[in-house]
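Trainee: just the structure for this:
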Amino acid sequence: MSWVSLLLTGWSSRAPSLLLLVMVSRDVGLRVGLEGVQTSMCSRWGSRVEEFNQGPDGDIVIGGLFNLHYQPPVLDQEFIDAPLYNPCTGLQMEMLKAAYAMEFAVEEINSNPLILPGVKLNYRILDSCGRHPWVLQGAFSLISYLASCPCLSNRPRFPNFFRTIPSDVYQAKIMARLAILFHWTWIGAVIVNNDYGHLAIQTFQEEIEGSGVCLAFSETLNRETIEEDTRRAAATIQHSTARVILIFCWYTDVRELFLQLAKINVTDRQFLASEAWSTSRDLLQDVTTYKVARGVLGVAVRSARIPGFRHFLQGLNPSDRPGDFFLREFWENEFGCSLSTTPLHRRSRSDSSSPTNVSSASHANRSPLAASIPLCSGRETLEGVQNVFTDTTHLRVAYNVYLAVYSAAHALHNLLSCPDEDSSSRGNSCNHLNKVNFTTPNGEEFFFQGADIPAVYDLVNWQTTSEGSLKLVLIGRVDGLELHFNKSTIQWTTGSSQVPISVCSESCPPGTRKANRKGEPVCCFDCIPCNDGEVSNETGSHQCRQCSIEFWSNLAHTACIPRKVDFLSFNETLGIVLTTGAVSGVVVTTAVFVIFLWYHKTPVVRANNSELSFLLLLSLKLCFLCSLVFIGRPSVWSCRLQQAAFGISFVLCVKTIVVLAAFRSTRPGAGALMKWFGPGLQRGSVCFFTSIQIIICIIWLSLSPPKPHRDLGFQGSKVNLECAMSSVVGFAVVLGYIGFLACLCLLLAFLARKLPDNFNEAKFITFSMLIFCAVWVAFVPAYVSSPGKYSVAVEIFAILASSYGLLLCIFAPKCFIILLRPERNTKKHLMGR
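Mentor: Okay, the predicted model is just below:
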C-alpha cells in the first residue's frame, strides 16, 4: 500500500478531502523538465470517482477531490465478487460551495498578471462520494483542506503532504484551555472510536495534567452500533455529576446522542463542540434536540470572506454550464423544477473499472415522479436565494480550499521562477510549498510550518433567538493557543450569562485546605479547616500556611494577625477575684489592727507583746498589698518590686519565734532567758532576720533581676507578657529562706504546744505554719505547670492563702475573746492553769 493509501485509511473519521497538485508537461515552451510525470489512477474493487467538472484547457492542471455526495456503507463485501455500493445520494451544498471556491480561485489566479504570468491553470474536480480514494497513488503533491489528523504532521512519513486546516492537537488544547479558564474541573467526554477521537482526548488529557481538571468519564461511539452506544453514553451523562461534556464526534453521531438525551430529558448539560460538528446546520435546525443543544460552545474552522465569491455563486446558471451535472442537480432541487426531459449524459456507473466513468444510472430514464415535476422556466436565478450554498458570510471549508489553490499557485510560481535549477530540483514542488509565503486578497499572511499552517480557529456559541430557534454566533477567535473573546457574550445552556459550574467537589473556601479522597481523582476532595495558627487566604488551597512566631490566625483562618499581649489584668474576672481577695485581706488586717489598738491594754493583747503583734499585722498587710503588684501589665520596676516585696514581707513571720520565747519565759527558770531576750533583743532579731532577706533581694535584683518578657513559645492567639526569672537561683534562695524560717517557727511552736495556760498561742501558731507550709509546697508544681498569666495567679493565690492562714489562725481566736467573750479577757483566766 502506498503512503497515500496509508494517509487516507489512517483518518477514517473524515471523508477524503484533498487538493491534488498534478502538473502535466505541455508544448507551450515551459521546458520545466518534468519527464514522465503523470497521474496514474488505479482502481480497486468497486471503488470509483465521479467526475464533477473540468475547466478549459490549461498549462497546469490542479485536481480537487470533494465529498459531494453521501455514500452508504457497502452492502456485500465477501471478497469474491465486486462489492455492491448504493448510489451516491444527498448532495452536500457546503462541499459543493467548496468545489466552486476552487474554480473561483483558479479563475482569479488566471486573471492576476502577478501570479504565474503567461501560464494558465486548469482544474479537474472529482466527487469521492464518501469513499476512500484509492486512486491517488501517482499524485505529485497533496494539499488537504479538511484532514486534521495529528499523524499527518509527521514529515518523514508524509513528506509530500500539506494542509490548510490546523492539526486537531490545537483544538484539543484549546478545549483544555477553556476548561481551565472557566474552572471546569470535572468534565465528561464522548468521542468517536477512531484516531480522531482517541488522539483528541489524549491531547486533552496531556494539556490538563497538573491543572486540577479531571475526566469524569470517557464514552466511545462506534458507527456500527451507534444507537446502542449513544443510549449508553446518554445514561452515563445523566448519572454523572459532570455538567460540562466534551464531544469529539462527527455531527451524525452527535445528533443521535442528542436524540437519546432528549428522550430522558437531560437538558442542563453544557457541551463543548469540536470543529467536526460545531457549525452543523442540521443540528442547529433540529427542533427535537433544541433544549439539549442550546448553549453549545465550540471550536470551529476559522471563517473568512472571499471578495467577489458571492457574486460568482449568484451568477451560476446551468444554461451557461451544460456539462456541470451537479449544478443541474442542485438547481432542480432548489427550484423544484426539471431542466429538460432528457436524461443527464453521464457515464454508466456499472462500469467501475474505468477511472473516468461518469454514472448515468440515476438519470437513464425519467421516473414517473420526475415526469410530474414541471420544467424550469429559464428565469430562475440564485440572486435572491438565501441558503447554505449562497451564504458567504462565514466561509470555512470553502476558504480552506481557496487558500490551498493559492498556495499551490504560489509554489508553482516560485518553481517556474528558478531557471537555474536542474530538472530534479524544479520537479520537486514540495520544496517550494515549504517556502510559500504570500498575502491573500483579504490581507492575510499565509505560510506553511512543515505540513501545517499556524492554528487559527473561531469560537462559536449556539444561542437562542427571539423566535425560539438556535443560531450560530461568532464570539471570538483563537490565534495559536491565545483565546480572544468576551465572556459576557456567551449564552450558556441555562439561557443566562452565568458560567455553569462543573466540579466534583466545590472549591475549598479560604481558611480550609484540600484533602484528596483515597482512590478518587484529584478533583474529588474534602475541605479540611486549617489548624490554629495556620491560614489559607486563597480559594482551593492545597496547604495551610503557618503564621510567623509573632502572629496568629484569625477566627476564619484567612489571615495572620498580630498576637494580642496577654497578662493578668485588673479588668478580667480572675484579676478582679484576686484583687478583691487582696483588698479584703488588707481591710480585715486593718480591722484587727484597730481592734488591737483599741484593746491594747487588755490581757489578751498584752500577753503576746503587743508591739510584735502590731508588727505582725503590719507585715501581713504588706503581704496582702504585695499581691496587687503582681496584677497589671508587667514593667521593669513592677517585676523587681514583686519578688522583693513578697520576700521581705513574709520574713516578718519571725515574730512568732519571739512570741514563743515570751511564753516560755513564764515557766520556772525562764527569768534568765527573759533577761537576755528582752524587748530590745526581740526587735533586733526581727530586724536582723529581715535584713538578711533584704540583702538577698538586693544581690539578686542587682545581678540578674526579673524583667518583662514576651513568651512566644506558647502556641495561641495571645503573647504572654510576664516577668521572666533571669535567675531561678535568686528566686529559689528567697523562697528557701522564707521556708527555712517557717519550718523553724513550726518546730518551736510545736515544742511549746503544752505550755500551762488557758490560751496556748503555740497551738494556733503550729496550725498556721502547717497551712503556710502546705500552701507553698503545693505552689511549686502548680507554678511550674501553669501557662502564661495563670502562673502569676498561682503565686498570688499562694500569697493570699498563706497570709489568710496566718491572720485567721493567730488573730481570729484573740478577736473572738476580745469582742465576744470579754469575760475571758482577764489575766486570771489566761493564767488559770
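
Trainee: secondary structure class for residue 506?
Mentor: coil (DSSP: H, G, I helix; E, B strand; the rest coil).

Trainee: that one - how many residues pack around it?
Mentor: Residue 506 has 11 neighbouring residues, counting by other Cβ atoms under 10 Å. (Each C-beta comes from the backbone N, C-alpha and C, glycine too.)

Trainee: how about low-confidence regions in the stretch 251-400 of the chain?
Mentor: The model of the stretch 251-400 of the chain has pLDDT under 70 over residues 341-371.

Trainee: helices of that one, residue ranges please.
Mentor: 251-263, 281-284, 290-293, 309-314, 325-335, 368-371, 397-416 (DSSP state H, counting those that start in this stretch).

Trainee: what helices or strands is the second one leaning on?
Mentor: Helices and strands touching helix 281-284, as assessed by 3 or more Cβ pairs under 8 Å, 6 or more residues apart in numbering; DSSP states H and E, comprise helix 251-263, strand 470-479.

Trainee: most packed of the ones you listed?
Mentor: helix 251-263 (a mean of 21; mean count of other Cβ atoms under 10 Å).

Trainee: from the contact counts, what lies against that helix?
Mentor: Using 3+ Cβ pairs under 8 Å, 6+ apart, helix 251-263 sits against helix 226-239, helix 281-284, helix 290-293.

Trainee: wait, which of these is closest to residue 200?
Mentor: Residue 200 sits nearest to helix 226-239 of all those, at 15.9 Å, using Cβ to Cβ.

Trainee: using the three-state scheme, assign residue 496.
Mentor: Quick answer, by three-state DSSP: residue 496 is coil.

Trainee: please tell me how far it sits from residue 484.
Mentor: 23 Å (Cβ to Cβ, to the nearest Å).

Trainee: next up, the contacts around residue 168.
Mentor: 148, 149, 150, 196, 199, 200, 203, 274 (Cβ atoms under 8 Å, 6 or more residues apart in numbering).

Trainee: assumed the fifth one was part of a strand.
Mentor: No. When classified by three-state DSSP, residue 199 is found to be helix rather than part of a strand.

Trainee: how about the contacts made by it?
Mentor: By Cβ under 8 Å, 6+ apart, the neighbours of residue 199 are 149, 150, 151, 168, 169, 172.

Trainee: can I get the residues you listed in a markdown table with distance to residue 403 and secondary structure?
Mentor: Below are these laid out as a markdown table (distance: Cβ to Cβ, whole Å; DSSP: H, G, I helix; E, B strand; the rest coil):
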| residue | distance to residue 403 | secondary structure |
| --- | --- | --- |
| 149 | 19 | coil |
| 150 | 20 | helix |
| 151 | 22 | helix |
| 168 | 18 | helix |
| 169 | 20 | helix |
| 172 | 23 | helix |
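
Trainee: what's the farthest-apart pair in the residues you listed?
Mentor: Spatial extent of the contacts of residue 199 (Cβ to Cβ) is set by the pair 151 and 172 at 13.7 Å.

Trainee: quick one: which of the two has more around it?
Mentor: residue 172 (25 against 16).

Trainee: would you agree that one is in contact with residue 198?
Mentor: No. Here residue 172 does not reach residue 198: they are 10.9 Å apart, not a contact under Cβ atoms under 8 Å.

Trainee: tell me the contacts of residue 517?
Mentor: 524, 525, 526.

Trainee: assign a three-state SS to the last one, would you?
Mentor: The one in question is residue 526. Residue 526 is classified as strand under three-state DSSP.

Trainee: look up how far residue 686 lies from residue 613.
Mentor: Taking Cβ to Cβ, one finds residue 613 at 12 Å from residue 686.

Trainee: neighbours around residue 321, how many?
Mentor: 13.

Trainee: for it, phi and psi?
Mentor: Note on residue 321: its backbone torsions stand at phi -140, psi 70 [degrees, to the nearest 10].

Trainee: next one, pLDDT for the closest residue to residue 532 other than its chain neighbours please.
Mentor: Nearest non-adjacent residue to residue 532, counting by Cβ to Cβ, 6 or more residues apart in numbering: residue 553, 6.2 Å away. Note on residue 553: pLDDT of 90.

Trainee: can you give me the strands in the stretch 401-550 of the chain?
Mentor: Secondary structure of the stretch 401-550 of the chain (DSSP state E, counting those that start in this stretch): strands located at 437-439, 445-447, 456-464, 470-479, 482-485, 512-516, 525-529, 534-535, 545-546.

Trainee: could these be laid out in CSV, adding distance to residue 372 and mean pLDDT?
Mentor: Converted to CSV, the strands of the stretch 401-550 of the chain look like this (distance: least, Cβ to Cβ, whole Å; pLDDT from 0 to 100):
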stretch, distance to residue 372, mean pLDDT
strand 437-439, 52, 90
strand 445-447, 50, 91
strand 456-464, 39, 95
strand 470-479, 35, 94
strand 482-485, 51, 92
strand 512-516, 71, 91
strand 525-529, 69, 93
strand 534-535, 82, 94
strand 545-546, 82, 92
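
Trainee: low-scoring stretches of the stretch 601-750 of the chain, by residue?
Mentor: Using pLDDT under 70, the stretch 601-750 of the chain drops low at 607-609, 652-680, 682, 713-715, 748-750.

Trainee: strands along that one, start to end?
Mentor: Using DSSP E, counting those that start in this stretch, strands in the stretch 601-750 of the chain cover 707-711, 718-724.

Trainee: and the ones you listed: which comes nearest residue 297?
Mentor: strand 718-724 (52.9 Å).

Trainee: send me that closest one as PDB with only the CA atoms.
Mentor: The C-alpha coordinates for strand 718-724 follow below in PDB (Å, rounded to 0.1, in the frame of the first residue of the first chain):
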ATOM      1  CA  LYS A 718      -2.000  35.700  72.600                       C
ATOM      2  CA  VAL A 719       1.500  36.500  73.600                       C
ATOM      3  CA  ASN A 720       2.100  36.100  77.300                       C
ATOM      4  CA  LEU A 721       3.800  39.100  78.800                       C
ATOM      5  CA  GLU A 722       5.400  38.000  82.100                       C
ATOM      6  CA  CYS A 723       8.100  38.800  84.500                       C
ATOM      7  CA  ALA A 724      10.800  36.300  83.400                       C
END
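
Trainee: sheet partners, orientation included, of it?
Mentor: Strand 718-724 sits in its sheet next to strand 564-566 (parallel), strand 707-711 (antiparallel), going by DSSP bridges.

Trainee: to residue 319, which of these lies closest?
Mentor: strand 564-566 (95.4 Å).

Trainee: let me see the mean pLDDT of the closest one.
Mentor: Per-residue scores along strand 564-566 average to 85.

Trainee: give me the residues contacting that strand.
Mentor: Outside strand 564-566, the residues that reach it (Cβ under 8 Å, 6+ apart) are 633, 710, 717, 718, 719, 720, 721, 788, 789.

Trainee: buried ones in that strand?
Mentor: Judged by neighbour count (16 or more other Cβ atoms under 10 Å), strand 564-566 contains these buried residues: residue 566.

Trainee: pick the one among the contacts of residue 168 closest to residue 412.
Mentor: Nearest member of the contacts of residue 168 to residue 412, counting by Cβ to Cβ, is residue 148, at 25.2 Å.

Trainee: quick one: the residue nearest to the closest one when sequence neighbours are not counted and residue 194, what's the gap?
Mentor: If the residues on either side of it in the chain are set aside, residue 148 comes closest to residue 168, at 4.6 Å by Cβ to Cβ, 6+ apart. Using Cβ to Cβ, we find residue 168 at a distance of 12 Å from residue 194.

Trainee: measure stretch 206-222 end to end?
Mentor: 24 Å (Cα to Cα, to the nearest Å).

Trainee: what about that stretch, distance to the chain center?
Mentor: Here stretch 206-222 is found 16 Å from its chain centre; the criterion is Cα atoms, centre = their mean, to the nearest Å.
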